[in-house]
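Visitor: How does the following fold in three dimensions:
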Amino acid sequence: MAQLKARPSSPVELDPHSDAAKLREAIETKLTYVLGKTADNAADYQAGLAHINHYVGFDKVTPGSTCPPPSGSTTGKIGWHAKSNPKYKSRTGQDIECLTDNQKPVLIWTMPTQDVFFIGQDNVKGTSIQTIVSWWEILNYG
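Guide: Below you'll find the predicted structure:
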């Protein structure tokens, strides 16, 4: 699997007042690596998500149904929503995808209603996916 780079060479420009920017700011204070990717439309969003899933080796055909993935599965996917911000209620396609890439846990939060996804990676090799999932569960933003 490909390893995520420590920082993109040209970071995604986000409106500093947008919820996406607030989430990115909240995440970057906790993780070594976070990337927010916005798209202009649904087709570009789907293409970008397909590209990143391929890049990190996410099994989008048969992922496990939980994060962390169940025993015997290398990837997982589960519906995700914010507990404290009603704008991010449970919606179809708003999921957390999880996997280990280069011995480091990775989460991808998909938000198709906003044509954006966020990637978080704990850069400590051998860290469990549960560690990053537990942190993500208490994230508060917006």
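Visitor: which SS state does the residue nearest the centre of the chain fall under?
Guide: To find the centre residue of the chain, average its C-alpha atoms and take the closest one (C-alpha atoms, centre = their mean): that gives residue 108, at 1.9 Å. Classification of residue 108 by DSSP: H, G, I helix; E, B strand; the rest coil places it in strand.
Visitor: Neighbours of the closest residue to it other than its chain neighbours, how many?
Guide: Counting by C-beta to C-beta, 6 or more residues apart in numbering, residue 97 is the residue found nearest to residue 108 once chain neighbours are left out, at 4.2 Å. The C-beta positions use only the backbone N, C-alpha and C, and glycine is treated the same way. Here the number of neighbours of residue 97 (other C-beta atoms under 10 Å) works out to 26.
Visitor: for the protein, which helix is longest?
Guide: Under DSSP state H, the helix in the chain containing the largest number of residues is helix 42-56.
Visitor: could you point out which element follows that one?
Guide: Remark: after helix 42-56, the chain's next helix or strand is strand 75-79, criterion DSSP states H and E.
Visitor: Please name every helix or strand in contact with that following strand.
Guide: When contacts are defined as 3 or more C-beta pairs under 8 Å, 6 or more residues apart in numbering; DSSP states H and E, strand 75-79 packs onto strand 95-101.
Visitor: for the record, mean pLDDT for the strand it packs on?
Guide: Model confidence over strand 95-101, given as mean pLDDT, is 90.
Visitor: Repeat that for stretch 132-142.
Guide: This predicted structure assigns stretch 132-142 an average pLDDT of 71.
Visitor: Buried ones in the longest helix of the chain, by neighbour count?
Guide: Within helix 42-56, the residues that qualify as buried by neighbour count (16 or more other C-beta atoms under 10 Å) are 45, 48, 49, 52, 53, 56.
Visitor: Please work out the angle formed by the directions of that helix and strand 75-79.
Guide: Computed by axes from the mean of the first three to the mean of the last three C-alpha atoms, to 10 degrees, the angle separating helix 42-56 from strand 75-79 equals 150 degrees.
Visitor: And the contacts of helix 42-56?
Guide: Taking C-beta atoms under 8 Å, 6 or more residues apart in numbering as the criterion, the residues outside helix 42-56 that touch it are 1-2, 4, 37, 39, 58, 60, 97, 99, 101, 106, 108, 110, 112, 115-117, 119.
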